[in-house]
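*Asks:* Structure for this input, please:
(3 chains)
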Amino acid sequence: MPYIPNTSDETRAMLDTLGCADIDELWEKTGITLPKPSLDDIPEGKSEHEVTNHLRALAALNATNLVSFLGSGYYDHIVPAAVADIAARSEFLTAYTPYQPEASQGTLQTIYEYQCAICRLTGMEVANASMYDGGTALFEAMMLAVRATRRRRAVISGAVSPIFREMIRCYSSNLDVELVEVPTDGTRSNHDALVEAVDGNTACVLVQYPNVFGTIEEWSGVVDAVRAKGALAVCSAYPIALALLKPPGEMGFDVVTGEGQSLGLPLSFGGPYLGFMATTMKLARKMPGRIVGRTTDTTGREGFVLTLQTREQHIRRENATSNICTNENLCALTALAYLSCVGKSGFVEVAELCASKARFARKLLLEIDGIEPVGDEPFFNEFVVELPMDASELVGRMIDKGFAAGFPLGRYYLERGRELLVAVTEKRSREEIKSFVNAMEAVVTNW
Amino acid sequence: MGRDVELIFDKGAPGRRGSSLPAMDVPKADDFPEELRRGAPPRLPEVSELEAVRHFTRLSRLNFGVDSHFYPLGSCTMKYNPKFHEKIASLYGFAALHPLLPQLRRGGALTQGALAVIYETERLLSAILGFEQFTMQPLAGAHGELTGVMLIAAYHKDRGDKDRKVMLIPDAAHGTNPASAAMAGFDTKIVPTDNDGNVDLEVLKSLLGPETAGIMLTCPNTLGLFDPNTKEVCALVKEAGGLSYCDGANLNAIIGRVRPGDLGFDVMHVNLHKTFSTPHGGGGPGAGPVGVAEHLVPFLPISRVVKRQDGTYTLQYNYPKSIGYIAPFYGNFAVILRAYAYLLTLGRKGLVRVGENAVLNANYIRARLAGKYEVPYDRFCTHECVISASKQAKQDVHALDIAKALIDRGFHPPTMYFPLIVKEALMIEPTETESKEELDEFINAMLEIAETAETDQDALKNAPVTTPVSRLDETLAARKPRVAE
Amino acid sequence: MKRYTKDHEWVELEGDIAVVGISEHAAGELGDITFVELPAVGNDVILGDPIAVVESVKAASDVYAPISGTVKEIHSELEEDPGIINTSSEGDGWICKLDNIDIAEFEDLMDKKAYDEFLKED
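*Replies:* As a prediction, the model looks like this:
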């Protein structure tokens, strides 16, 4: 067992200091006298080399060789090598929450810079140090609205990710908050119905930008109407799209959240990811999670500290804004490193590549006999097409040809069994897109 | 040092960039309607890759971390994080795996390796901790707590036991316990700690009744003590119709020695970033898997990984009593992966040695500091010891001053002012991965500080002086928040 | 003449109006006040209702209505400069004024002498 340095001589010396004959007596003195449990079901320890080989073998069983057009909220983007290197600095990796600011200025300044970056992307005034993921961030935004408005009802668009909606439903089950879902209108949200659903007890309206079908919707009108009724407007955004799209802050949203995975984080089979959350300054004291502020030390030098901590569980306990304790700090740092390395012009270029390649793919796909468009609204890098067969079945055939063809929407929406949600990122070359389309054509034509 | 703060946004020059991207090889998109377009691009850094790397490298060096400093932060288990875990987490076959692939071909055919990792880790944790099943989904310790108390709520609801609305929580508990209970819809009632540092059984009995949903106990408790009445507490709660929740924040003490399931706990969470050696990352990501006894299995979150007779793995969703989806997918997979590697390396003998050495090291520190520092509950501790600076406080030297003085001496301070029931608390958790020499150096620094507290209080009150900044004005930060620019 | 509660609020009558704040002792315990959440004007409050929150860096403390009534006026200056409570908690650092009050509730509170005794015992 290589990670325990105590030798038998040292163990002996320490036991002597404690007046214990052996480890058994030490246990006894701690008050633990239960019989030792059987650990027969636990294998013998192995060397790093053997464990690595075992896990390499398991990794090889996963289908990461497919050329991917699968997104649905979680995207395969190019990540500069420097990003992972920066986040792997062990001074970042092996520190904990910056409770001692003098010994944690590195972590604190990076969180502050991350908060700035999120505010700049979203057009908001204050961001927290991150939440677990996009779904928990959206739920926490809903609860923020409940606290701020003292109302107990939330309206959510059916064009918000079904994953997020399921999570919010789960978390709300023991809380006195009524959740109202407004069905979609094709691949758009139903704007009129969303506004109509807001009554005097409604805390907020939750929407997504671009929505789960990839459609970009202009929200200013809805936001104004919702706010006029005394509710808050909350948006979950895809951060890469914000390079080109009007920032949610400019549309008047009170709270902007989102899944930050696409900002330099690997897909890693579902996590760790990054939930971001930003609000107006007015709502800052209602926000959950850690926040870093800029201040000065006893000699006037500038530095950073955790601030507005009275919102948090270690002070407010059952009255805290949330039970969240940690953030997803290393993921936030990764996002900051990504945004720094890709940079202002690179970030815009990534978004332009995504949007352009998606249009190229869509155009070629629609040239195939039998594949029809679904909706013709503006989209970013993801779009829906209708197939002449069940989309799940087509996806199965496409796997055999080496492609993850997209997400069969029937998995979430029963009536959309023939619809396929296709995502294209900057990673896909023109050639890959063309061979994807050729493969699709072959499958569709030979059905 | 002394140089003003320079943000990444302050560096570089307009037009400079560090990224290399593929050329545009398709027609450029130009169809966004005007009202959806952004006016100016987001104000992101314009730096070369070297500038970015140098900026973050410089910042990293302002941090204390386990790799650079002894970090005995109580209740956080800052043990060494083996390097090979990082290599495994970055294996392409794991890192590039899209979480929705199982939806493309049913039966988990595309993700057998990843499902194996989740399933096998669940089985290992169940065996080590004495539970029927584990879910790997909770994304952090507090998230595991929330999942655990939601399971308790679902259990009572399923039995039509609608009045069980009160969650009992000891006064020494972490703040996350009452906050999690509140998020699951419970009212909380506080159970006091008795003079020996254990749950006050008499008061507990008086609090139990038909409204009791359960109790949340940290085991060992937040004083670093193993409550010898734990079994009795669980039994009393059970008798009253409630369930017992074990907060596994302090599991490192008893791993391999005590199985919480055997004590009568119905549900527990563990922190993979503590006991199971995944890096803390400056405050996450962690993971907080939850284990349950048989009667809570039907309520576990979905999806669940199941092993088929033929040895393959699949995801299942059809559990009508499940509390639903607490995570977007299967948990913080890359964190689970590291913990799995750790468990395989430790094996059954290694596990036992972890607990033994964690307890030995903590008691060694306790014994050596007793005398110079007050030890409020003077008995053998488990993996951490809580001392008090109350003696030093008489000279106006407080726990905070001692913490700051430790920074100047090259140690990350212990947890301060927690648990709340100990005045001037310093909670020291050395973990099993520290050597005796390191412990001795820390002890000597603590003893020297205790002496200085009697002779030169100012020297301690001005600490730290070796860091890039001295004590920071937190009042200013909270009164006039500058949180973004 | 001020009257005090066991939760360390004070209340003083200005004619039919009750002025409410927190005691010097409470302000001292909290340390530097960083934020005050004030009630809404027009709110009806019942004796014992939480009406405001006073925060320092490491603590948040509810302020309970020492007397029933309607919030007539709030001390908005505290939003900009919460430190007034530290410099003058029982004078310029008042938090809000209530009308429609019940004088009997006022009479039930501790006077200065009784409060000082209470602090000693506590």
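*Asks:* contacts and neighbour counts: CA atoms only from here.
*Replies:* OK.
*Asks:* is any part of whatever helix or strand B:Ile407 lives in close to chain A?
*Replies:* Element membership for B:Ile407 (DSSP states H and E) is helix B:399-408. Yes. Using CA under 8 Å from any CA of the partner chain, helix B:399-408 comes into contact with chain A via B:Ile407.
*Asks:* How much space separates B:Pro99 from A:Gln115?
*Replies:* 27 Å (CA to CA, to the nearest Å).
*Asks:* whoops, I mixed them up, C:Ile17
*Replies:* To A:Gln115, C:Ile17 is 45 Å away according to CA to CA.
*Asks:* B:Cys246 is in contact with B:Gly264, isn't it?
*Replies:* No. The criterion here is CA atoms under 8 Å, and B:Cys246 misses it with B:Gly264 at 9.6 Å.
*Asks:* Give me the more crowded residue out of the two.
*Replies:* Per other CA atoms under 10 Å in any protein chain shown, whichever of B:Cys246 and B:Gly264 has more neighbours is B:Cys246, with 29 against 22.
*Asks:* tell me the secondary structure for that one?
*Replies:* State at B:Cys246, reduced to three classes by DSSP: H, G, I helix; E, B strand; the rest coil: strand.
*Asks:* ok, for it, nearest residue in space, not its chain neighbours?
*Replies:* What sits nearest to B:Cys246 in space, not counting adjacent residues and going by CA to CA, 6 or more residues apart in numbering or on different chains, is B:Met268, at 4.4 Å.
*Asks:* residues in contact with the one you found?
*Replies:* Residues in contact with B:Met268 (CA atoms under 8 Å, 6 or more residues apart in numbering or on different chains) are B:Glu145, B:Gly148, B:Tyr245, B:Cys246, B:Asp247, B:Gly248, B:Pro260, B:Val290, B:Gly291, B:Val292.
*Asks:* try B:Gln457
*Replies:* Per CA under 8 Å, 6+ apart, neighbours of B:Gln457: B:Gln395, B:Asp396, B:Val397.
*Asks:* Okay, the last one and B:Glu145: tell me how far apart.
*Replies:* By that I understand B:Val397. 36 Å.
*Asks:* Next up, identify which helix or strand A:Cys341 is on.
*Replies:* Taking DSSP H and E as the definition, A:Cys341 sits inside helix A:329-366.
*Asks:* I'd like to know which residues of chain C are adjacent to chain A.
*Replies:* By the rule CA under 8 Å from any CA, the part of chain C lying against chain A is C:Glu55, C:Ser56, C:Val57, C:Lys58, C:Ala59, C:Ala60.
*Asks:* again, only using 6 Å
*Replies:* For chain C, the residues in contact with chain A (CA under 6 Å from any CA of the partner chain) are C:Ala60.
*Asks:* Contacts only, for the closest residue to A:Ser47 other than its chain neighbours.
*Replies:* Excluding the flanking residues, the one nearest A:Ser47 by CA to CA, 6+ apart is B:Thr345, at 6.0 Å. Residues counted as contacts of B:Thr345 (CA atoms under 6 Å, 6 or more residues apart in numbering or on different chains) are A:Gly45, A:Lys46, A:Ser47.
*Asks:* what about B:Thr345, helix or strand, and which?
*Replies:* Here B:Thr345 is assigned to helix B:333-369, by DSSP H and E.
*Asks:* Quick check: what element follows that helix along the chain?
*Replies:* Moving toward the C-terminus from helix B:333-369, the next helix or strand (DSSP H and E) is strand B:385-388.
*Asks:* How about that next one and chain A, any contact?
*Replies:* No. Strand B:385-388 is not in contact with chain A by CA under 6 Å from any CA; minimum separation 11.6 Å.
*Asks:* ends of stretch A:383-391, how far apart?
*Replies:* Its start and end residues considered, stretch A:383-391 measures 14 Å (CA to CA).
*Asks:* Skip the chain neighbours and tell me the closest residue to the closest residue to chain C within chain B.
*Replies:* Chain B approaches chain C most closely through B:Arg479 (4.7 Å), counting by CA to the nearest CA. Computed as CA to CA, 6+ apart, the closest residue to B:Arg479 that is not its neighbour in sequence is C:Thr34, at 4.7 Å.
*Asks:* Am I right that that neighbour sits in a helix?
*Replies:* No. Checked against three-state DSSP, C:Thr34 lies outside a helix; its state is strand.
*Asks:* Count the neighbours of it for me.
*Replies:* Neighbour count of C:Thr34, defined by other CA under 10 Å: 29.
*Asks:* Equivalent analysis for the one 3 residues further on, please.
*Replies:* By the other CA under 10 Å criterion, the neighbourhood of C:Glu37 contains 18 residues.
*Asks:* hmm, the least confident helix or strand in chain A by mean pLDDT touching chain B?
*Replies:* Least confident helix or strand of chain A, by mean pLDDT, DSSP states H and E, is helix A:313-316 with a mean of 84. Yes. For helix A:313-316, a contact with chain B is found by CA under 6 Å from any CA, at A:Gln313, A:His314.
*Asks:* Name the residues of that helix that are buried.
*Replies:* Using 16 or more other CA atoms under 10 Å in any protein chain shown as the test for burial, helix A:313-316 gives A:Gln313, A:His314, A:Ile315, A:Arg316.
*Asks:* ok, those residues vs chain C, which is closest?
*Replies:* Distances from chain C to the buried residues of helix A:313-316, taken by CA to the nearest CA, are shortest for A:Ile315, at 6.2 Å.
*Asks:* And for the closest residue to that closest one other than its chain neighbours, the neighbour number?
*Replies:* Residue nearest to A:Ile315 in three dimensions, not counting chain neighbours: C:Ala59, with 6.2 Å by CA to CA, 6+ apart. Residues lying near C:Ala59 (other CA under 10 Å) number 18.
*Asks:* got a pLDDT number for C:Ala59?
*Replies:* The model reports C:Ala59 with a pLDDT of 86.
*Asks:* just to revisit the earlier point, Serialize the contacts of B:Met268 to TSV and add fields for pLDDT and distance to B:Pro414.
*Replies:* As requested, these are arranged in TSV below (pLDDT from 0 to 100; distance: CA to CA, whole Å):
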residue	pLDDT	distance to B:Pro414
B:Glu145	97	24
B:Gly148	98	28
B:Tyr245	98	27
B:Cys246	98	24
B:Asp247	97	20
B:Gly248	97	19
B:Pro260	98	26
B:Val290	98	27
B:Gly291	98	29
B:Val292	98	32
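*Asks:* From A:Ile4, how far out is whichever residue of the stretch 251-400 of chain B sits closest to chain A?
*Replies:* Of all residues in the stretch 251-400 of chain B, B:Gly347 sits closest to chain A, at 3.4 Å by CA to the nearest CA. Per CA to CA, B:Gly347 is found 14 Å from A:Ile4.
*Asks:* and A:Thr149, how far is that from A:Leu283?
*Replies:* Relative to A:Leu283, A:Thr149 is positioned 11 Å away (CA to CA).
*Asks:* about what we covered before: ok, the residue nearest to B:Arg479 touching C:Lys58?
*Replies:* No. Here C:Thr34 lies out of contact with C:Lys58, judged by CA atoms under 6 Å, at a distance of 9.8 Å.
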